[in-house]
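Visitor: Sequence and predicted model, in that order:
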Amino acid sequence: MLFGAFLNVLNIFLYILLSLLVVYFIRHFTFTLNRAFKSQELLYLGIENQKLPTVTILVPAHNEEKVIADALTALLKQDYPRALFKIIPLNDRSTDRTREIIDQFTAQHPDQIFPFHRTTGKPGKSAALKDISSSITSEIIIVFDADYIPAPKLLRNLVAPFVDPEVGAVMGRVVPLNTAKNVLTRILDLERSAGYQVDQQARMNMNLLPQYGGTVGGIRTSALHAVDGFDPSILAEDTDITVKMFLNGWSVVYQNSCECYEEVPENWEIRIKQISRWSRGHNQVLFKQFKVLLQHDQLRFMEKLDAMLLLCIYVMGPMTFIAWGIAQVVYYSGNTESSLLASNLIAFLAFSCLGNFALFFEIGTAAFLDGYRKRIRLLPLGVMFFFVSLTTVTKVLFKQIWEDTILKKELVWDKTVRFRSETPKDGT
């Protein structure tokens, strides 16, 4: 009798987890339908003769000698009044030639580039942004990672939504520039395409929660100060800022037409480290903000639901493994029909709807919208990529609970290694 009661509890828990996966399935399928059949509205880009705001461009950099020159060169070519923007490279304890390169650009463009060399304080991007942001007086702060190369008109288009006084942050679209390197970079290109072209744009269309992504993004300086700025203890400072903006009544705008070009990881070791950092930082925000979000009474129901589902994305990987385990226990207990059905549903729903791995629907639609339909031939390889990501985020969660909650270890920022060939070190 006791064992039967235990199996009943397992069955209930199994179907709770299945129900959550169904919710994510519906969410991502809805996003796909929205992008497949609803025309994209290019909000704010039609605005002309607006008074352009003052802008400070921040470029966090730690050992970025291979890419920092490309980023600064592209930023200096921005189609924006010179008197209205300045560039601050945030050199955080670099031990390579990053500081030397930045200083060379500064010497040639002293009226445009104002470097900030950090040698003390807490390491990491969030901490560096926290240090500098308190002294910024411009109306808008724009953040670019050091490997990003913006098109000449990107800055002008990125600040356009700030004409709306309710907009607290704006996010542009990230496009890989090293797609042709290998199979990994091609799959990552598909992932990015689905995440931005479908997921982000659909949330924008549906007035939900488009996410400020931490790079290729702008923040209203007054809004940043109003929400207490960057939290140096959080690895995913972008997710933290997104949630704090919504909790404090600010809106976040996604601009799908504002494309900026990045370098994606070219080997599995770097990719896994990148996923680990993202999931750990994202989970930090989940633990910090979920209860606050749940109790918040100013957001619409759908906004709140979308925000909670966004925060729980990386927790659903471990939950999927737990659900598979329960299904096996139920199967070997003799309840074969329900457990086999559950196992198949778990496999299908998890692969189809978790995060940027919403492969069947979002990637296919993104490839169609971007005009690269041959990309879809790589879709079967997504199974391998999905399982690598699933095991990585599961390991990260349990490691995070052990190290953060029990051992109280300090988090260490793990930067993404660059693969680009080193570029010329002058500012020409």
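Guide: Perfect, I can see it now. Numbering: from 1, shown residues only.
Visitor: got the buried residues for the helix of greatest length in the chain?
Guide: Determined from DSSP state H, the single longest helix within the chain is helix 2-37. The neighbour-count check on helix 2-37 (16 or more other CB atoms under 10 Å) flags 7, 10-11, 14-15, 17-18, 20-21, 23-25, 27-29, 31-32, 34-36 as buried. Bear in mind the C-beta positions are built from the backbone N, C-alpha and C, glycine included.
Visitor: okay, which residue is most central for the chain?
Guide: Geometric centre of the chain, nearest residue: G213, 4.5 Å, by CA atoms, centre = their mean.
Visitor: CA atoms only: put the lowest-mean-pLDDT helix or strand in the chain into CSV for me.
Guide: Within the chain, no helix or strand scores below helix 336-353, which has a mean of 82 by mean pLDDT, DSSP states H and E. The C-alpha coordinates for helix 336-353 follow below in CSV (Å, rounded to 0.1, in the frame of the first residue of the first chain):
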residue,chain,number,x,y,z
THR,A,336,3.8,0.7,-19.0
GLU,A,337,1.2,2.5,-21.1
SER,A,338,1.1,5.8,-19.2
SER,A,339,4.9,5.9,-18.6
LEU,A,340,5.7,5.2,-22.3
LEU,A,341,3.3,7.9,-23.3
ALA,A,342,4.8,10.3,-20.8
SER,A,343,8.4,9.5,-21.9
ASN,A,344,7.6,10.2,-25.5
LEU,A,345,5.7,13.4,-24.7
ILE,A,346,8.6,14.6,-22.5
ALA,A,347,11.1,14.0,-25.3
PHE,A,348,9.0,15.8,-27.9
LEU,A,349,7.9,18.7,-25.8
ALA,A,350,11.4,19.3,-24.3
PHE,A,351,13.1,19.3,-27.6
SER,A,352,10.5,21.5,-29.2
CYS,A,353,10.0,24.2,-26.7
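Visitor: Report the buried residues of it.
Guide: Buried, per 16+ other CB under 10 Å, within helix 336-353: 339, 342-343, 345-347, 349-353.
Visitor: Also stretch 311-331?
Guide: 311-320, 323-324, 326-327, 330-331.
Visitor: Who are the packing partners of the strand or helix carrying Q104?
Guide: Q104 is located in helix 98-108, with elements delineated by DSSP states H and E. Helices and strands touching helix 98-108, by 3 or more CB pairs under 8 Å, 6 or more residues apart in numbering; DSSP states H and E, are helix 68-76, strand 85-92.
Visitor: Work out the gap between the longest one and the centre of the chain.
Guide: I take that to be helix 68-76. 22 Å (CA atoms, centre = their mean, to the nearest Å).
Visitor: Ok, stretch 382-393 next?
Guide: On CA atoms, centre = their mean, the centre of stretch 382-393 falls 17 Å from that of its chain.
Visitor: Also stretch 191-199?
Guide: That offset, for stretch 191-199, works out to 11 Å (CA atoms, centre = their mean).
Visitor: What lies in contact with that stretch?
Guide: 28, 31-32, 35, 173-176, 254, 256, 264, 356-359, 361-363, 365-367, 369-370, 372, 375, 385 (CB atoms under 8 Å, 6 or more residues apart in numbering).
Visitor: run the last query once more with 6 Å
Guide: 31, 35, 173-174, 176, 356, 362-363, 365-366, 369-370 (CB atoms under 6 Å, 6 or more residues apart in numbering).
Visitor: just to revisit the earlier point, got the confidence number for the residue nearest to the centre of the chain?
Guide: Looking at G213, its pLDDT stands at 87.
Visitor: Which parts of the stretch 151-300 of the chain are helices?
Guide: Listed in chain order, the helices of the stretch 151-300 of the chain (DSSP state H, counting those that start in this stretch) span residues 154-159, 183-193, 201-205, 221-226, 237-247, 268-295.
Visitor: Make JSON lines out of the ones you listed and add distance to I87, mean neighbour count and mean pLDDT.
Guide: Formatted as JSON lines, the helices of the stretch 151-300 of the chain follow (distance: least, CB to CB, whole Å; neighbours: other CB atoms under 10 Å; pLDDT from 0 to 100):
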{"stretch": "helix 154-159", "distance to I87": "10", "mean neighbour count": "24", "mean pLDDT": "92"}
{"stretch": "helix 183-193", "distance to I87": "25", "mean neighbour count": "21", "mean pLDDT": "92"}
{"stretch": "helix 201-205", "distance to I87": "28", "mean neighbour count": "22", "mean pLDDT": "94"}
{"stretch": "helix 221-226", "distance to I87": "16", "mean neighbour count": "18", "mean pLDDT": "96"}
{"stretch": "helix 237-247", "distance to I87": "20", "mean neighbour count": "25", "mean pLDDT": "94"}
{"stretch": "helix 268-295", "distance to I87": "25", "mean neighbour count": "18", "mean pLDDT": "92"}
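Visitor: longest strand of this protein?
Guide: Counting residues, the longest strand found in the chain (DSSP state E) is strand 251-262.
Visitor: how much distance is there from that one to the middle of the chain?
Guide: 12 Å.
Visitor: that's a helix at D414, yeah?
Guide: No - assessed with DSSP: H, G, I helix; E, B strand; the rest coil, D414 is coil; it does not lie in a helix.
Visitor: thinking again about what came up before, just checking, what packs against the longest helix of the chain?
Guide: helix 201-205, helix 316-332, helix 336-353, helix 364-370 (3 or more CB pairs under 6 Å, 6 or more residues apart in numbering; DSSP states H and E).
Visitor: what about those, which gets the closest to R186?
Guide: With distances scored as CB to CB, the stretch of the helices and strands packed on helix 2-37 nearest to R186 is helix 364-370 (11.5 Å).
Visitor: which outside residues touch that closest one?
Guide: 32, 35-36, 193-194, 197-198, 373, 375-376.
Visitor: returning to what we had before: measure how the longest strand of the chain sits relative to helix 2-37, angle-wise.
Guide: 80 degrees (axes from the mean of the first three to the mean of the last three CA atoms, to 10 degrees).
Visitor: What angle do helix 68-76 and strand 251-262 make with each other?
Guide: Relative orientation of strand 251-262 and helix 68-76, computed by the same axes, to 10 degrees: 130 degrees.
Visitor: Give me the buried positions along strand 251-262.
Guide: Of the residues in strand 251-262, 251-256, 258-262 count as buried by neighbour count, 16+ other CB under 10 Å.
Visitor: before we move on, back to that, I'd like to check the angle between the longest helix of the chain and helix 316-332, please.
Guide: 130 degrees.
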